[in-house]
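Fold the following for me, if possible:
(chains A and B)
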Amino acid sequence: MSELTLTKVSKQFGGFRAVEDIDLTVAPDEVLCLLGPSGCGKTTTLRMIAGLESVSHGSVAFGGRDLSALPAQDRNVAMAFQFYALYPDLTVEENLVFPLAAEGLDARERQARLDHVASVLQLGGVLQRRPHELSEGEKQRVAVGRCIIRRPNAFLFDEPLSRLDVALREDMRGSIRRILATLNRPTVIVTHDQLEAMTMGDRIAVMRDGGIEQVGTPQDVFDYPDNTFVAGFIGTPQMTLLDGTCLGADDGGIVIGTDHARWTVPHAHFHRRPCKGDRLTFGFRPRAASLEAGALGLDGCRLVLSEHMGAEKLLHFDWHGQAVRVLTQSRAPEVDALRRVGVDLRALHVFDGDGRRLSVKGIPQ
Amino acid sequence: MSFRKHNEGGWGQTLVSGLVAVIYFAPVFWMILTAFKTRQDALAIPPKLIFTPTLENFRSVFVEVTSSGEVVSTGAWLYFANSAFIAGASVLLALIIGTLAAYAFSRYPLKGNDTYLFIILTTRMLPPIVVIIPIFLLFRITGLSGTYIGIILLYTSFNLPFSIWMMKSFFDDLDREVEDSARMDGSSDWAVFGRIVLPQVLAGLAATLVFALILTWNEFIFALLLTGPETRTVPVAIASTIGGSIGVDWGKLSAMITLFLIPVFIVTFALQNQLLRGVTFGTIRK
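Purely as a prediction, here's the structure:
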């Protein structure tokens, strides 16, 4: 099977540029998640791959063959839509075999495919029902089934789980992941839910304002965000990001800080060293911060709010006008109490004034 | 605590609706009664509710006895056949052309789409009496006067704006993702339209059909001026039964109108379920 390649793909709607110069390659056995906030261009990108939206510039290719000019019906790409898009006047069975008409299969092969999909997705009991007689979860499974019954060039999923309740979503996430692993086709999933992207994707492409901010494995994107947008977007609870400056360098490393604190960070921490006076942003995940000691101390954090999150508590502090979040298992202090928040140096992410990452990937232990 | 099914009206509402229905239906009911009355019963004062029904009026619609005692056809069969053919053909044409045009307006909008739609609607903004002279002259010049094709084309053009606007609103209500999905599944644009879109707007088609049929079936002015003896429709024939040497023959008139009502009744009742969904525009079933 062949890979899916997007080269400098752009989409212009009148004067508005919805997608700008996107380069992406999805390997035949890979699941790529397009993740981003609403309006970032991820669905438009998916629709351009599908052929439902024309490409303003650039090309969409399968196995090196440029298909940008082909209409959707000639691309042999399967897609599951956000609102399922089941054919309301056809039964589940007719919905499932609908795409096979174009493939010209004989009755035996068609039945075999139908039986397989019905058993994998547990749809055997509802084959003769119509879409309006199905539950939300069943509709979603029919939409997935109508996709995987085919042998297409690629699979596309637009927010596949967004309409399901939490329990069902968790269940389906696993099932879809297992099914996708057996398909061996390039697969693109659009989602605004980072948990979905982290669990279902082999790689994640984080999008913002029509462009790609970072592409990497879920672990990579979480551990080493390329910029402050990705740092803030990925991870729940959100990463704490503080404004500061570079105060110079000494033998121990680069001195960074704010008006209220200064810390020395070893040179080895940076892949690009900031200069004295440069504006910086430094961040750390709430789980990496604690109310105990840490190389990096934030003195005088005032507790504003404490949220119970089951086993842990999320503490919101105010540190000289900047928000600091700490996830802890210990007892929460009283509101307005002043505490020192400590952060391990290895958990520190430093970004330059434009928000680009300065810390090395694989921070020295 | 009382339990009432959601949306189910109480006794008060039922009574009011019943009363309104009776008021609307009373003239029709009286006309149907008159169709079964003899001339004396029809003109009796005070009006008779209880009488011996007769089918004589219905017979007189189709056959008459000449002064020499011969029983001959009145030719009413032809008028009924004309009405059915002209209304059927023009409604069908308007429905086909209107549905395709509405789909195009909905899915492949032109620059200035709304302006085109407005222009189409303006053709229905003038009362018939205003446009009848130019149309009459046009028909004379083109030789369409008194022909089936002429009156069918005219009625089709009258029904088109209505079918286009009505069907467009149904198409606009459909979920586009379903059509995109069919396209992704390898269907051509025509297959998407025929297999996926049309079945979803059956209610709209039914509603449009019934409304267009009623308008065309009952049309009088144009039929009076633009049909000939061979192409005359029932409304014109009904009008011509009024007057004459014996005054208005109420029994025959009522019998003719009663017969005239039957096809519209049948079509409306046959499509009742679709129609109810159609007029409430409830086409989306999720």
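
Kindly report the residues of the stretch 101-250 of chain B close to chain A.
B:175, B:177-178, B:180-188, B:195-196, B:199-200 (C-beta under 8 Å from any C-beta of the partner chain). Every residue, glycine included, has its C-beta placed from N, CA and C.

List just the nearest of these to chain A.
B:Gly186 (2.7 Å; C-beta to the nearest C-beta).

ok, now which ones touch that closest one?
Applying C-beta atoms under 8 Å, 6 or more residues apart in numbering or on different chains, one finds that B:Gly186 lies in contact with A:Gln73, A:Asn76, A:Pro99, A:Ala101, A:Ala102, A:Glu103.

Show me the residues of the stretch 101-250 of chain B next to chain A that map onto helices.
B:Glu177, B:Val178, B:Asp180, B:Ser181, B:Ala182, B:Arg183, B:Met184, B:Pro199, B:Gln200 (DSSP state H).

Now which of the residues you listed would you call buried?
Buried members of these, counted by 16 or more other C-beta atoms under 10 Å in any protein chain shown: B:Glu177, B:Val178, B:Asp180, B:Ser181, B:Ala182, B:Arg183, B:Met184, B:Gln200.

can you list those in JSON lines and add pLDDT?
Formatted as JSON lines, those follow (pLDDT from 0 to 100):
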{"residue": "B:Glu177", "pLDDT": "92"}
{"residue": "B:Val178", "pLDDT": "94"}
{"residue": "B:Asp180", "pLDDT": "94"}
{"residue": "B:Ser181", "pLDDT": "94"}
{"residue": "B:Ala182", "pLDDT": "94"}
{"residue": "B:Arg183", "pLDDT": "92"}
{"residue": "B:Met184", "pLDDT": "92"}
{"residue": "B:Gln200", "pLDDT": "92"}
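
Next, give me the two most distant ones among those.
B:Met184 and B:Gln200 (17.6 Å; C-beta to C-beta).

longest helix in chain A, by residue count?
Using DSSP H, we find that the single longest helix of chain A is helix A:166-183.

Throw the contacts of B:Gly186 into JSON lines and include pLDDT and distance to chain B, thanks.
Listed next are the contacts of B:Gly186 as JSON lines, based on pLDDT from 0 to 100; distance: C-beta to the nearest C-beta, whole Å:
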{"residue": "A:Gln73", "pLDDT": "91", "distance to chain B": "5"}
{"residue": "A:Asn76", "pLDDT": "91", "distance to chain B": "8"}
{"residue": "A:Pro99", "pLDDT": "92", "distance to chain B": "4"}
{"residue": "A:Ala101", "pLDDT": "85", "distance to chain B": "7"}
{"residue": "A:Ala102", "pLDDT": "78", "distance to chain B": "3"}
{"residue": "A:Glu103", "pLDDT": "80", "distance to chain B": "7"}
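
Emit the ChimeraX select command for whichever of these are buried.
Only the buried entries of those go into this ChimeraX selection, using 16+ other C-beta under 10 Å:
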select /A:73,76,99,102,103
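
now, which of the contacts of B:Gly186 sits nearest A:Ala154?
For the contacts of B:Gly186, the nearest to A:Ala154 is A:Asn76 (8.5 Å; C-beta to C-beta).

give the contact list for that closest one.
A:Asn76 touches A:Arg150, A:Pro152, A:Asn153, B:Gly186, counting by C-beta under 8 Å, 6+ apart.

Not counting residues beside it along the chain, what's closest to the spatially most central residue of chain B?
By C-alpha atoms, centre = their mean, chain B has its centre lying nearest to B:Ile214, at 1.4 Å. The spatially closest residue to B:Ile214, leaving aside those adjacent along the chain, is B:Val264, at 5.9 Å (C-beta to C-beta, 6 or more residues apart in numbering or on different chains).

dump the residue contacts of the one you found.
B:Leu213, B:Ile214, B:Trp217.

And for B:Ile221?
Contacts of B:Ile221 (C-beta under 8 Å, 6+ apart): B:Pro128, B:Ile129, B:Ile132.

Please indicate which of the residues you listed are buried?
B:Ile132.

Among the contacts of B:Ile221, which one lies nearest to chain A?
For these, the nearest to chain A is B:Pro128 (38.9 Å; C-beta to the nearest C-beta).

Touching, that closest one and B:Phe222? I think so.
Yes - counting by C-beta atoms under 8 Å, B:Pro128 touches B:Phe222, with 6.4 Å between them.

Let me see the ranges of the helices in the stretch 151-286 of chain B.
Taking DSSP state H, counting those that start in this stretch as the criterion, the stretch 151-286 of chain B contains helices spanning B:176-184, B:189-191, B:198-200, B:202-218, B:221-226, B:234-241, B:250-270, B:272-279.

Relative to B:Val16, which of those helices is closest?
helix B:272-279 (19.5 Å).

average model confidence for the closest one?
The average pLDDT for helix B:272-279 rounds to 74.

Please name the residues that touch residue 158.
With no chain named, the answer covers chain A. Contacts of A:Asp158 (C-beta under 8 Å, 6+ apart): A:Thr43, A:Leu46, A:Met79, A:Ala80, A:Phe81, A:Gln82, A:Val190.

that's the wrong chain, I wanted chain B
B:Phe158 makes contacts with B:Ala94, B:Arg124, B:Leu215, B:Thr216, B:Glu219, as judged by C-beta under 8 Å, 6+ apart.

Identify the residues contacting B:Asp185.
Counted by C-beta under 8 Å, 6+ apart, B:Asp185 has contacts A:Gln73, A:Ala78, A:Phe98, A:Pro99, A:Ala101, A:Ala102, A:Arg146, A:Arg150.

what about it, distance to A:Arg75?
Relative to A:Arg75, B:Asp185 is positioned 11 Å away (C-beta to C-beta, to the nearest Å).

and if you look at A:Met239?
Distance, A:Met239 to A:Arg75, by C-beta to C-beta: 39 Å.

okay, among the contacts of A:Asn76, which ones form the most distant pair?
A:Asn153 and B:Gly186 (12.3 Å).

Now do the strand ranked longest in chain A: which elements does it pack against?
Identified as the longest strand of chain A according to DSSP state E is strand A:296-309. For strand A:296-309, the packing partners by 3 or more C-beta pairs under 8 Å, 6 or more residues apart in numbering or on different chains; DSSP states H and E come out as strand A:312-319, strand A:322-328, strand A:338-343.

Let's have those strands in TSV, adding mean neighbour count and distance to chain B.
Shown next, in TSV, are the helices and strands packed on strand A:296-309 (neighbours: other C-beta atoms under 10 Å in any protein chain shown; distance: least, C-beta to the nearest C-beta, whole Å):
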stretch	mean neighbour count	distance to chain B
strand A:312-319	19	37
strand A:322-328	20	38
strand A:338-343	18	46
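
where exactly do the strands run in the stretch 201-350 of chain A?
Ranges of strands within the stretch 201-350 of chain A are A:203-208, A:211-216, A:240-250, A:253-257, A:262-265, A:279-284, A:289-290, A:296-309, A:312-319, A:322-328, A:338-343, A:349-352, based on DSSP state E, counting those that start in this stretch.

wait, which of the ones you listed is closest to B:Thr233?
Nearest to B:Thr233, of all the strands of the stretch 201-350 of chain A, is strand A:203-208, at 64.3 Å by C-beta to C-beta.

Name the strands paired with the closest one and say parallel or antiparallel.
As defined by DSSP bridges, the strand partners of strand A:203-208 come to strand A:31-35 (parallel), strand A:211-216 (antiparallel).

List the buried residues for the shortest one?
Same thing as strand A:31-35. By neighbour count on 16+ other C-beta under 10 Å, the buried set for strand A:31-35 is A:Val31, A:Leu32, A:Cys33, A:Leu34, A:Leu35.
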